[in-house]
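Asks: My questions are about this predicted structure, shown below with the sequence.
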Amino acid sequence: MLVYIVRRLFQLIPTFIGATMLAFLISQLVPGDFLTTKALEPNVRPETIERMRAQFGLDQPMAVQYVRWMRNLVQGNLGQSFVSNQPVINRIARPMRNSMYLALLSILMLWLVAVPMGVYSAVRQYSLGDQVVSMFSYFGLAIPNFFFAQVLILLIFVTRTFTKEAFGFNQLLFPVAGMTSGNHLDMNAWGRFWDIMWHMFIPSFVVATAGMAGFTRVLRAQMVEYMGSDFIRTAKAKGLGQRSVTYKHALRPAIIPFVAGIGGLLPDLVGGAGLVEVTMSWPGITPAFLEALNSQDIYIVLGLIVITTILLMIGNLLSDLLLAVVDPRIRYN
Amino acid sequence: MADDPNRKHQYEQEQDTDATIDATAQQVDNVLIDLNSAGPVASGASKSQGKIIWEQFAQHKSAMVGGVVLILMYLTAVFAGFLAPYGMNEYRRSPTAAFRPPTQVHWINPETGRLTRPFVYDVVESRDPVTRQRVYEEDTSTVYPIKFFVRRPSQPYKILGLFRSDLRLFGVDDPARIFLWGTNNLGKDVFTRVLYGGQVSLTVGLLAVWVALFLGLLLGGLAGFYGGFIDDLIMRLVEIFAAIPGLFLLIVLASLLRDPRNPLAQAFGLQMDSAQTYLLIVFVLGLVGWGGLARIIRGFILSARELDYAQAAKALGASESRVLWRHLLPSTASYVIVSITLAIPGYILGETSLSFLGLGPSEVDTSSWGLLLRDATSRGISIQFVPWLLIPGIPIFLAVLCWNLLGDGLRDAFDPRKRR
């Protein structure tokens, strides 16, 4: 096992170099650099510009810039943000953390809802419930995340209008933007936690719905396959109850690919909820990425890409290892 | 070694795959021939594979519905000019008609109380003196009946870029306006722009999938066929593309390439008009998405090149490229058709996402569903006052849903194990 892990880690090196090279190459498409805009400011002297250019190595050829950046990267230094003049790592840590909260909650929701749904529709194949589940998963598959978020925001407003007229309750059920309430800082730790959870609910729900489709469909197919197999018949024949057969014998092997998929969730954790974050003004990684791109802060863009890339690769590796751990049929030797 | 039981077992398994793959190849050849002529034929002696597949597909109700809805959607996109009452970018400068709610269509004559031909009233806009909200009131003094097949010479359009016309399906006389789905911040008709938006949002995916398919077939085919060093090289490339999160890659490529100041655009003197931006999005989506297809095709070729029919072709003296292009790649067709159909909705979502972020076609001269949803997020707009701006999300949902249904239906129809 250890040998396998080490070998896989070594195999990751060329991919990593290739991916960073690609990212770096793309970043060279940025028209000029941030100093071109800075040079237009009247109170910045040309010497300052030249000094900064040399400092960031922007006067060097591309290959030299790449090697310099890579050497720093290996030492754990992602470089300086051009715009704010802070280390990149400081600028991206917070959005990454925020995105991670969102992803964690949505994964939790996904599992809590999708597993029972998948099991149900496999056990009651072709029943009305199965069809409803299938419709629901198609819905989640087809609705664009950002649109779904917008629709939910509208629904929240409509609900307020309704409750205001009916009960005089003039409050939003869920916050429609941001991560914290205005009085967040005045709350105690517990209050802050719930405040964030409350803000997180809608975006996490949207993200979870999108993942639901694939999850239930695959789980259903897996379950159906196992439910028809010999060992299930044996289990039934020796008199086990339906519940025990379903959950202990059929679900366990059926869930294997999902357990292995946990490793694949790692990049999701930092990759963020994508456009949902933009729609709901969640201060996560995607808005940070867009903002950095807008202000041509190349090292932040590169930093975000590199970190997510590393996590994606580690995640894939973890998936394979987990698969070997949970599935006794797979041996890596 | 030859007596090794495991080995024998493996051999049998291979034989088994042989049979399936040969059958698929056959099946695909027949599909290619029969797809046009096939219909629900009364079953006679023996059915061709194409007929069987068509019958299987026809039984798949949801897939059929998906297919029909898609055909309708593409038709509305083609005839957008005719169906839409206004030009894509038509708006009135004064008085502007910004954020108009959907125009109410009346069916009852107010004087007689009887059913009459549909008509609308002109709308007068004012501001609530206290809340400063826009207030719209119907000016009931004049009735403007909805006219059908009206000519509007001021706003000509072209169908498929070929046929010029100014005939519109319906419209009302000036100064009244008919906004079935309201207007956006500039006073452009949302209904019109949704129809025109389909021309971009529905076709980008169709074209992008060909870019991805071209790259996937070429590189996946080469990797699977030659193996060894070429295989390693190409598969590393796929991994590299897969290692960078897709959304970021999409955003960064689209945003940098469409900037006219980027070094590439400078080198080629590109100005990025709407057509070029459109092609750019197609290209970027294809570039980000080819890896998956390449992987599928490589795996398939890798197993198929050892099969009897490939060996036979080689033994008959066919050149390597002939074996690859004439025998192996066509045998991937059923997989490819299904993969493509299931990939298109992803590209549609990709385009709408980019447009939603403002990285797609520009508002000035094009329309796209993502761009229309962007209107709803502009600064200072609260969705509760302009809910009709969310309507453009519905066609996105429909298109993605129907492509998925169609793809699932095709997959089941091609799969012999799912015969019903």
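Replies: Yep, it's here. Numbers count the residues shown, from 1 in each chain, chains lettered A, B, ... in the order given.

Asks: how distant is the longest helix that chain A contains from the center of its chain?
Replies: Longest helix of chain A, by residue count under DSSP state H: helix A:189-227. Relative to the centre of its chain, helix A:189-227 is centred 12 Å away, using CA atoms, centre = their mean, to the nearest Å.

Asks: for stretch B:306-321, same thing?
Replies: Distance of stretch B:306-321 from its chain centroid, counting by CA atoms, centre = their mean, is 38 Å.

Asks: Can you show me the strands along chain A?
Replies: For chain A, no strands are identified by DSSP state E.

Asks: which intervals of chain A have sub-threshold pLDDT?
Replies: Per-residue confidence for chain A (pLDDT under 70) gives these ranges: A:31-41, A:56, A:260-273, A:330-333.

Asks: let's see it at 50
Replies: Regions of chain A meeting the criterion pLDDT under 50 are absent.

Asks: Equivalent analysis for chain B, please.
Replies: Using pLDDT under 50, the flagged stretches of chain B are B:1-26, B:28-43.

Asks: nearest residue to B:R193 other than its sequence neighbours?
Replies: Sequence neighbours aside, B:S367 is the residue nearest to B:R193 in space, at 4.4 Å (criterion: CB to CB, 6 or more residues apart in numbering or on different chains). Just so you know, the C-beta spots here come from the backbone N, C-alpha and C atoms, and that holds for glycine as well.

Asks: Just give the number of residues close to the one you found.
Replies: By the measure other CB atoms under 10 Å in any protein chain shown, the count of residues near B:S367 is 25.

Asks: Name the SS class of it, please.
Replies: Look at B:S367: counting by DSSP: H, G, I helix; E, B strand; the rest coil, its state is coil.

Asks: quick one on the thing from earlier: next one: the longest helix of chain A, is it in contact with chain B?
Replies: No: using CB under 8 Å from any CB of the partner chain, helix A:189-227 stays clear of chain B, with a minimum separation of 8.8 Å.

Asks: For that helix, name the packing helices and strands.
Replies: If you count contacts as 3 or more CB pairs under 8 Å, 6 or more residues apart in numbering or on different chains; DSSP states H and E, helix A:189-227 packs onto helix A:88-123, helix A:128-142, helix A:145-167, helix A:251-254, helix A:256-271, helix A:275-279.

Asks: buried residues in it?
Replies: By 16 or more other CB atoms under 10 Å in any protein chain shown, the buried positions in helix A:189-227 come out as A:195-196, A:199-213, A:215-220, A:222-224, A:226-227.

Asks: residue ranges of the strands in the stretch 201-350 of chain B, please?
Replies: Read by DSSP state E, counting those that start in this stretch, the stretch 201-350 of chain B holds no strands at all.

Asks: Enumerate every residue touching the residue nearest to B:R193.
Replies: By CB atoms under 8 Å, 6 or more residues apart in numbering or on different chains, B:S367 lies in contact with B:88, B:193-194, B:196-197, B:199-200, B:361.

Asks: What is the nearest of those to A:N43?
Replies: Checking the contacts of B:S367 against A:N43 with CB to CB, the nearest one is B:P361 at 38.1 Å.

Asks: Kindly report the residues of the stretch 51-200 of chain A close to chain B.
Replies: Counting by CB under 8 Å from any CB, the residues of the stretch 51-200 of chain A lying close to chain B are A:138-139, A:141-144, A:146-147, A:150-151, A:153-154, A:157-158, A:161.

Asks: Burial check on A:G18, number of neighbours?
Replies: Residues lying near A:G18 (other CB under 10 Å) number 17.

Asks: ok, it to B:G370 distance?
Replies: 31 Å (CB to CB, to the nearest Å).

Asks: Also B:V284?
Replies: Taking CB to CB, one finds B:V284 at 14 Å from B:G370.

Asks: So these two - more neighbours on which side?
Replies: Neighbour totals were compared for B:V284 and B:G370, and B:G370 leads with 30 against 27 (other CB under 10 Å).

Asks: residues contacting the nearest residue to the more buried one once chain neighbours are set aside?
Replies: In space, and not counting its chain neighbours, B:G370 is closest to B:S355: 3.0 Å by CB to CB, 6+ apart. B:S355 sits next to B:200-201, B:361, B:368-371, B:374 when contact means CB under 8 Å, 6+ apart.

Asks: which SS class is B:V124?
Replies: Three-state assignment for B:V124 (three-state DSSP): strand.

Asks: quick one on the thing from earlier: make JSON lines out of the contacts of B:S355 and add distance to B:A242.
Replies: Shown next, in JSON lines, are the contacts of B:S355 (distance: CB to CB, whole Å):
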{"residue": "B:V200", "distance to B:A242": "27"}
{"residue": "B:S201", "distance to B:A242": "26"}
{"residue": "B:P361", "distance to B:A242": "27"}
{"residue": "B:S368", "distance to B:A242": "27"}
{"residue": "B:W369", "distance to B:A242": "28"}
{"residue": "B:G370", "distance to B:A242": "24"}
{"residue": "B:L371", "distance to B:A242": "29"}
{"residue": "B:R374", "distance to B:A242": "29"}
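
Asks: which one of these sits closest to chain A?
Replies: Taking CB to the nearest CB as the measure, B:G370 is the one of the contacts of B:S355 closest to chain A, at 8.1 Å.

Asks: Quick check, that closest one in contact with B:L354.
Replies: Yes: assessed by CB atoms under 8 Å, B:G370 is found in contact with B:L354 at 6.7 Å.

Asks: so what sits against both of those two?
Replies: In contact with both B:G370 and B:L354: B:G360, using CB under 8 Å, 6+ apart.

Asks: Might you report the residue contacts of the spatially most central residue of chain B?
Replies: Per CA atoms, centre = their mean, the C-alpha nearest to the average position across chain B is that of B:L202, at 3.5 Å. Residues counted as contacts of B:L202 (CB under 8 Å, 6+ apart) are B:73-74, B:77, B:348, B:399.

Asks: Reformat these as TSV; add neighbour count and distance to B:R411.
Replies: Output for those, formatted as TSV (neighbours: other CB atoms under 10 Å in any protein chain shown; distance: CB to CB, whole Å):
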residue	neighbour count	distance to B:R411
B:M73	17	21
B:Y74	16	21
B:A77	21	26
B:I348	28	19
B:A399	27	19
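
Asks: Show me how chain B divides into domains.
Replies: B:64-76+B:192-418, B:82-188 (automatic domain parsing).

Asks: Name the nearest residue to the residue in the stretch 151-300 of chain A that chain B sits nearest to, sequence neighbours excluded.
Replies: Proximity of the stretch 151-300 of chain A to chain B (CB to the nearest CB) peaks at A:F157, 3.6 Å away. Spatial nearest neighbour of A:F157, chain neighbours left out: B:Q384 (3.6 Å); criterion: CB to CB, 6+ apart.

Asks: Tally up the residues packed near the one you found, please.
Replies: Burial of B:Q384 is recorded as 15 neighbouring residues (other CB under 10 Å).

Asks: So what does it look like in phi/psi?
Replies: Reported as degrees, to the nearest 10, the phi and psi values for B:Q384 are phi -70, psi -20.

Asks: picking that back up, which helix or which strand is home to the residue nearest to B:G370?
Replies: helix B:333-356 (DSSP states H and E).

Asks: wait, what's in contact with the closest residue to B:P392 other than its chain neighbours?
Replies: Nearest residue to B:P392, sequence neighbours excluded (CB to CB, 6+ apart): B:L372, at 3.7 Å. B:L372 sits next to B:184, B:190, B:193-194, B:197, B:389, B:392 when contact means CB under 8 Å, 6+ apart.
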